[in-house]
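Undergrad: This is a predicted model, with the sequence first.
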Amino acid sequence: MGPPGAGKGSQSTKIVKKYNMPSISTGQMFRDAYNNNDPIGIEAMKFIKNGNLVSDEITNGIVRTRLLRDDAETSFLLDGYPRTVAQAIALDGMLDDMHTSLDAVINILSSHDVLFERMEQRRVCKTCDATYHLRFKKPQEDGVCDLDGGELYQRLDDTHESVMRRLEIYESKTKPLLDYYSNKGILYNVNGMQSFDKVYDDIILVLEDIK
Ligand code: AMP
Ligand code: ZN
């Protein structure tokens, strides 16, 4: 968990490599569906591009389907889900059905200034979803992914207006979830205003500790 731009996506990508588990990112699933002209993706993008949340019904539906796939049987990491209390309750139901529960909820803390800066300068590879930052993590060649030469683009929801709306929604709809998981005793806070590697190390310390 953490506000938009806190680094959830990049940290998830690295964590799942270490533990060999799938990363289930609702935002990424919506973007993939949109790029594939899937009706759900086109519907979802109407909300996403303005910085609003996609409905709980659609979001819970794609997560439920995704959790049933074989690769999620032993372990998985959720990135960007749940984002509302209603989603958290629905997720508990899905996990009950699977006879499992969450081991940890990692919350990446960050200030709004840092988040604005990160999101407006963020660029993403069309092919592999790797993320770059125009100042702090520049691609070697402008507009081109270092990893596979894919074209870099700015997410439709990384505009100033959209970022403002996403932060507002985070405060009103998602932040209450911190209490929900804190009450369950599984919330771990990590300082997100450090280098990417330091944040990663702090997350791994938590995960190793609860194993
Ligand atoms: P993300 O890639 O996590 O920043 O998500 C991008 C956008 O997808 C969000 O701003 C929402 O519009 C939508 N989205 C992603 N996850 C959810 C969710 N759990 N519930 C509702 N909307 C979501
Ligand atoms: Zn790439």
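TA: Yep, it's here. Numbers count the residues shown, from 1 in each chain. Ligands and ions are numbered 1, 2, ... in the order given.

Undergrad: okay, CA-based contacts and neighbour counts for the rest of this
TA: Fine.

Undergrad: Please tell me the pLDDT value assigned to His112.
TA: If you check His112, the pLDDT there is 85.

Undergrad: tell me the contacts of the residue nearest to it when sequence neighbours are not counted?
TA: Nearest residue to His112, sequence neighbours excluded (CA to CA, 6 or more residues apart in numbering): Leu167, at 7.9 Å. Going by CA atoms under 8 Å, 6 or more residues apart in numbering, Leu167 touches Pro3, Pro4, His112.

Undergrad: separation between Leu167 and Lys175?
TA: Leu167 sits 10 Å away from Lys175, going by CA to CA, to the nearest Å.

Undergrad: quick one on the thing from earlier: please produce a PyMOL select command covering the buried subset of the contacts of Leu167.
TA: Applying 16 or more other CA atoms under 10 Å to these, the buried members can be selected in PyMOL as follows:
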select buried, resi 3+4
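
Undergrad: and the contacts of Leu167, which of them are in helices?
TA: With DSSP state H as the criterion, helices contain His112 from among the contacts of Leu167.

Undergrad: ok, and of the contacts of Leu167, which contact ligand 2?
TA: Filtering these for proximity to ligand 2 by CA under 5 Å from the ion leaves nothing.

Undergrad: between the contacts of Leu167, which is nearest ligand 2?
TA: In terms of CA to the ion, no member of those lies closer to ligand 2 than Pro4, at 21.3 Å.

Undergrad: wait, isn't the closest one in contact with Arg166?
TA: Yes - under the criterion of CA atoms under 8 Å, Pro4 makes contact with Arg166 at 6.9 Å.

Undergrad: mind listing what Asn50 touches?
TA: Asp157, Glu161, Ser162, Arg165.

Undergrad: Just the buried ones from these?
TA: Buried among the contacts of Asn50 (16+ other CA under 10 Å): Asp157, Ser162, Arg165.

Undergrad: Let me see the backbone angles for the nearest residue in space to the last one that is not next to it in sequence.
TA: Once flanking residues are discounted, Arg165 sits nearest to Gly51: 5.4 Å by CA to CA, 6+ apart. Note on Gly51: its backbone torsions stand at phi 90, psi 10 [degrees, to the nearest 10].

Undergrad: Over to Val105?
TA: phi -120, psi 120.

Undergrad: what's the helix or strand bottoming out on mean pLDDT in the chain in contact with?
TA: Least confident helix or strand, the chain: helix 112-120 with a mean of 86, by mean pLDDT, DSSP states H and E. Residues from elsewhere that reach helix 112-120 (CA under 8 Å, 6+ apart): Pro3, Pro4, Gly5, Ala6, His133, Asp158, Thr159, His160, Val163, Leu167, Met193.
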